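**Q** can you look at this prediction? I've put the sequence above it.
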Amino acid sequence: MPTAEQLMAAMRGDATRYEVKAPKVDATTLALARQGRGDTDYSYVHEANRQGQAEYERAVRKRASELRAQGVHHPESTAHMELQMAAQSRKEQAERRAVHEAMTANNRAEMEANSTPALRERVTAATKERREERAQRQFQKLLAEIRADMAATA
């Protein structure tokens, strides 16, 4: 913050006597200050974009020359379409693979949570109960058949 004396000197036009030089700052401090103000260096992103675009253009030129040799009409646009469709296909496959892996992990965790000794005991008890009920019904059915046969013969 300038002092009153510095302001008056600036108004008179002879502020050069009172100019205060900014302190020298090292590169790390300067980078942190810029980042804190929102000034970030995205040059690495721009470089990656340039490299990706260059690779894509090389692939298009290569594919276009192959298509031209095959006698395909509009080889450049055909090459662009083919490369874009291939990229879309790779993207969809990666998404499907990620979903499948997530589902598999979720199912595995769910199965592990459900395969506890208590669950096994509940399943065993329920199975035993069903078997006993079925045996009791069969016994009642046989007993009713025997009584019906005895009543028919008497």
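**A** Right, received. Where do you want to start? Residues are numbered from 1 along each chain as shown.
**Q** packing partners for the biggest helix by length in the chain?
**A** Ranked by residue count and defined by DSSP state H, the top helix of the chain is helix 75-114. Helices and strands touching helix 75-114, by 3 or more C-beta pairs under 8 Å, 6 or more residues apart in numbering; DSSP states H and E, are helix 43-70. The way it works is simple: take the backbone N, C-alpha and C, and place the C-beta from them, glycine included.
**Q** from the chain's centroid, how far away is the helix it packs on?
**A** In terms of C-alpha atoms, centre = their mean, to the nearest Å, the centre of helix 43-70 is found 27 Å from the chain centre.
**Q** between it and helix 75-114, how many degrees?
**A** In this structure, helix 43-70 runs at an angle of 120 degrees to helix 75-114, with axes from the mean of the first three to the mean of the last three C-alpha atoms, to 10 degrees as the basis.
**Q** G38 in helix, strand or coil?
**A** Using DSSP: H, G, I helix; E, B strand; the rest coil, the secondary structure recorded for G38 is coil.
**Q** separation between it and L32?
**A** Distance from G38 to L32, counting by C-beta to C-beta, to the nearest Å: 12 Å.
**Q** the two: who's more crowded?
**A** Counted by other C-beta atoms under 10 Å, G38 and L32 do not tie: L32 has more neighbours, with 12 against 6.
**Q** got the contact list for the more buried one?
**A** Residues in contact with L32, defined by C-beta atoms under 8 Å, 6 or more residues apart in numbering, are absent; none qualify.
**Q** helix or strand: which one has it?
**A** When elements are assigned from DSSP states H and E, L32 belongs to helix 27-36.
**Q** just the buried positions in that helix, please.
**A** Neighbour-count burial for helix 27-36 flags no residue at all (criterion: 16 or more other C-beta atoms under 10 Å).
**Q** sweet, I'm off.
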